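Colleague: just a sequence and a predicted model for now, questions to come.
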Amino acid sequence: MSSFVLTLGDVLNGSGLASVDGPLTDWFIHHRTGTATLVLAGFAFVFGPAALPVITLVAVVAWALVTRRLWRPILLAGAMITGVVLTEVIAHMVGRPRPPAEYMMLGADATSSFPSGHVVGASNFLLVGAYLVFSRSSRRTALIAAFGAAAVGLTVEAASRIYLGYH
């Protein structure tokens with residue numbers, strides 16, 4: 001939470017992390033490749049508004065059916081819904097514009113760019129999911145591996161949003 005608040009402060013003040021947006025976007029634009037575009041567009045689709053709700057619903061229902069327990073799947077669903085609501089509210093309040101439409105590889109998007117719905121969705125699904133699945137495991141290596149994989153996944157999703165020209 002504190003990293004979000006610090007980043008929000010940077011965005012509102014146009015300093016810190018927010019000041020590297022332009023140079024980072026330019027670097028990604030000049031280093032685009034067909035393979036990277038295909039892979040990162042796939043990440044954007046999976047963690048986007050069309051696929052992620054379906055993936056979440058399937059995961060939650062399957063998890064509940066397999067384990068015959070509801071509270072962990074419901075917590076994941078609740079985290080996902082809360083993330084969507086908070087992202088929409090904060091994005092409307094902040095009103096940070098996106099880069100120019102000509103940078104966007106998957107079609108123009110006129111919504112606000114902070115916070116990123118794709119990254120919030122990826123973070124909630126991967127980190128909350130990893131915690132709920134592995135928190136009671138006695139194997140510490142499984143928990144570390146799960147959080148490591150989640151961190152890699154959300155880092156790739158965050159990079160994809162910049163690479164694809166949306167942030």
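Modeller: Perfect, thanks for sending it.
Colleague: quick check: what element follows the lowest-mean-pLDDT helix or strand in the chain along the chain?
Modeller: The weakest-scoring helix or strand in the chain, judged by mean pLDDT, DSSP states H and E, is helix 2-13 (a mean of 70). The helix or strand immediately downstream of helix 2-13 is helix 21-30, counting by DSSP states H and E.
Colleague: that following helix: which residues count as buried?
Modeller: By 16 or more other C-beta atoms under 10 Å, the buried positions in helix 21-30 come out as 21, 25, 28, 29. C-beta here means a position set from N, CA and C on the backbone, and glycine is covered the same way.
Colleague: not counting sequence-adjacent ones, nearest residue to the most centrally placed residue in the chain?
Modeller: The centroid of the chain falls nearest to residue 119 when counting by C-alpha atoms, centre = their mean (1.5 Å). Nearest non-adjacent residue to residue 119, counting by C-beta to C-beta, 6 or more residues apart in numbering: residue 158, 5.0 Å away.
Colleague: ok, the one you found touching residue 121?
Modeller: No. Contact between residue 158 and residue 121 fails when scored by C-beta atoms under 8 Å: they sit 11.5 Å apart.
Colleague: neighbour count for these two, which is higher?
Modeller: residue 121 (25 against 18; other C-beta atoms under 10 Å).
Colleague: who's in contact with the helix or strand hosting that one?
Modeller: Using DSSP H and E, residue 121 falls within helix 117-123. Under the criterion C-beta atoms under 8 Å, 6 or more residues apart in numbering, residues 44, 47-49, 52, 80, 83-84, 86-88, 91, 153-154, 157-158, 160-161, 166 lie in contact with helix 117-123.
Colleague: if any of those residues are buried, give me the ChimeraX selection for them.
Modeller: Entered in ChimeraX, the line below selects the buried ones among those, by 16+ other C-beta under 10 Å:
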select :44,47,48,52,80,83,84,87,91,153,154,157,158,160,161,166
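Colleague: flag every buried residue along stretch 99-113.
Modeller: Quick answer for stretch 99-113 (16+ other C-beta under 10 Å): 99, 103, 105, 112, 113.
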